[in-house]
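Novice: return atomic coordinates for the entry below.
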Amino acid sequence: MTAAKRAPQPGAEDLTEHLRDRWSVSVFDADHEISETETRLLLEAARWAPSAGNSQPWSFLVLPRGSAGHETFVPHLSRGNSGWVPRASIVFVAVAQVGPGPDGKGPKWTGYSYYDLGQAAAHLTVQAASLGLSSHQFAGFDHDAVAAAFGVPDWWKVMTGIAVGRHGDPAQVDPRDAEREERERVRRPLAEVAYADKWGTPWA
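Specialist: Residues are numbered from 1 along each chain as shown. Alright, predicted model coming up:
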């Protein structure tokens, strides 16, 4: 039984289905192509995420498989990610604005830029799920090399990649990538992450 067929894990049963059934797919269908309409919806989902003072301190490199940008990005993947990421239909590279540009413009509260970018990325992946697509967020690539290759300004910081596509057949990929599909999904109990009255006192 693949991870896609597993029953919801304890505590997740009553979540909205796009959160309940979310998991980081490592086997993508290399023949699936994402449409421009779908890509636009994913970006709109990120665009409408909340941010501190509506500063929207995020940008994305949009790299569909087969595009020039995708070909530029792939050589910078870590060895562990070089097998499965290129099979995804599209990769978004998430970038946070961490300071003002030469014109002095930038987010008023740069300390929240990473938090805000995280929300935009989360919105994008939930929208992907609503379209029947799978996603896997990753950080295994040469961030500095990617920033240089794409001309990312110094006041922006390359953070993570988001691979999106249709789930593929584990039998058609490297066994090491297929093995990822069978890893048990676990989370820390709420008692370790939700506190009340004082730090370390579990919320009921």
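Novice: all helices for the chain, in order.
Specialist: 17-20, 36-47, 68-73, 113-130, 143-150, 175-180 (DSSP state H).
Novice: buried ones in the helix or strand of the chain with the lowest mean pLDDT?
Specialist: Ranking every helix and strand in the chain by mean pLDDT, DSSP states H and E puts helix 175-180 at the bottom, with a mean of 74. By 16 or more other CB atoms under 10 Å, the buried positions in helix 175-180 come out as 177-178, 180. Where C-beta positions appear, they are placed from N, C-alpha and C, glycine not excepted.
Novice: quick one: those residues as TSV, columns for distance to A171 too.
Specialist: Shown next, in TSV, are those (distance: CB to CB, whole Å):
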residue	distance to A171
D177	11
A178	7
R180	14
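Novice: picking up where we left off before, mind checking the helices of the chain for the one nearest to E192?
Specialist: helix 17-20 (19.7 Å; CB to CB).
Novice: what about the strands in the protein?
Specialist: Secondary structure of the chain, counting by DSSP state E: strands at 58-64, 90-97, 134-138, 156-165.
Novice: angle of the last one against strand 90-97?
Specialist: When axes from the mean of the first three to the mean of the last three CA atoms, to 10 degrees is applied, the directions of strand 156-165 and strand 90-97 differ by 160 degrees.
Novice: strand 156-165 pairs with which strands, parallel or anti?
Specialist: Here strand 156-165 is paired, per DSSP bridges, with strand 90-97 (antiparallel), strand 134-138 (antiparallel).
Novice: if you average pLDDT over stretch 130-143, what comes out?
Specialist: For stretch 130-143, mean pLDDT rounds to 97.
Novice: ends of it, how far apart?
Specialist: 29 Å (CA to CA, to the nearest Å).
Novice: do you know how far L42 is from V126?
Specialist: To V126, L42 is 10 Å away according to CB to CB, to the nearest Å.
Novice: who has more neighbours out of those two?
Specialist: More crowded of L42 and V126, by other CB atoms under 10 Å: L42, with 26 against 16.
Novice: right, so the strands paired with strand 156-165: which one is the most enclosed?
Specialist: Counting by mean count of other CB atoms under 10 Å, strand 90-97 has the highest mean neighbour count of those, with a mean of 24.
Novice: okay, the angle between that strand and helix 36-47?
Specialist: Using the same axes, to 10 degrees, strand 90-97 lies at 30 degrees relative to helix 36-47.
Novice: strand 90-97 vs strand 58-64, what angle?
Specialist: Going by the same axes, to 10 degrees, strand 90-97 makes 160 degrees with strand 58-64.
Novice: so how far is strand 90-97 from its chain's centroid?
Specialist: From the chain centre to the centre of strand 90-97 is a distance of 8 Å (CA atoms, centre = their mean, to the nearest Å).
Novice: and that strand, average pLDDT?
Specialist: Here the average pLDDT along strand 90-97 is 98.
Novice: residues contacting that strand, please?
Specialist: Residues from elsewhere that reach strand 90-97, judged by CB atoms under 8 Å, 6 or more residues apart in numbering: 34, 39, 42, 57-65, 70, 73, 85, 106-107, 110, 113-114, 116-117, 120-121, 124, 146, 150, 152, 155-165.
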